[in-house]
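Asker: From the sequence below, what's the structure:
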Amino acid sequence: MRETETMSPELALETVSDLAGLAVYSDDSIVSRTLMKSQAGSLTLFAFDAGQHLSEHSCPYDATAHVIDGKGEIVINGASHEVAAGQVVLMPANIPHAVNAKQRFKMILTMFKNEKIAD
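Answerer: A predicted model of the protein is given here:
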């Protein structure tokens, strides 16, 4: 592991982990755990209780939201997307987005630094 990377103690190199079990639902809350972070991006697990939300915001990273339990709503640039376990959605950098939990759900947020790749 490079010096600029950090990892959760529960997510060890070369070890199989139960992702859904790394964040437990909490009443009236959003639980988040950063599983890995580096200069290139991060991997964060969220567990949303029903009725919780992340207000509209944007960030300078492309991101994927991969639902691993339950169902949620992700709003990207004003368009609503219903997502369920096993589904993934791409949220482009610098575009407003929000997350709404109509019921409990868990998702993995993966953020990627947005750099142009030379041809």
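
Asker: For the chain, which residues score under the pLDDT cut-off?
Answerer: Applying pLDDT under 70 to the chain flags residues 1-10, 115-119.

Asker: could you pull out the strands for it?
Answerer: Ranges of strands within the chain are 6-7, 30-38, 41-48, 53-57, 61-76, 79-84, 88-91, 97-100, 105-113, based on DSSP state E.

Asker: So which residues make contact with the third one?
Answerer: Pointing back at strand 41-48 there. Contact with strand 41-48 is made by 19, 22-26, 30-37, 61, 72, 99, 101, 104-113, as judged by C-beta atoms under 8 Å, 6 or more residues apart in numbering. Bear in mind the C-beta positions are built from the backbone N, C-alpha and C, glycine included.

Asker: Now list the buried members of those residues.
Answerer: 19, 22-23, 25, 30-31, 33, 35-37, 61, 72, 99, 101, 104-111 (16 or more other C-beta atoms under 10 Å).

Asker: Would you list the phi and psi of residue 77?
Answerer: With angles defined as degrees, to the nearest 10, residue 77 sits at phi 50, psi 40.

Asker: on that earlier part again, quick check: which of the strands of the chain is nearest to residue 14?
Answerer: strand 6-7 (11.8 Å; C-beta to C-beta).
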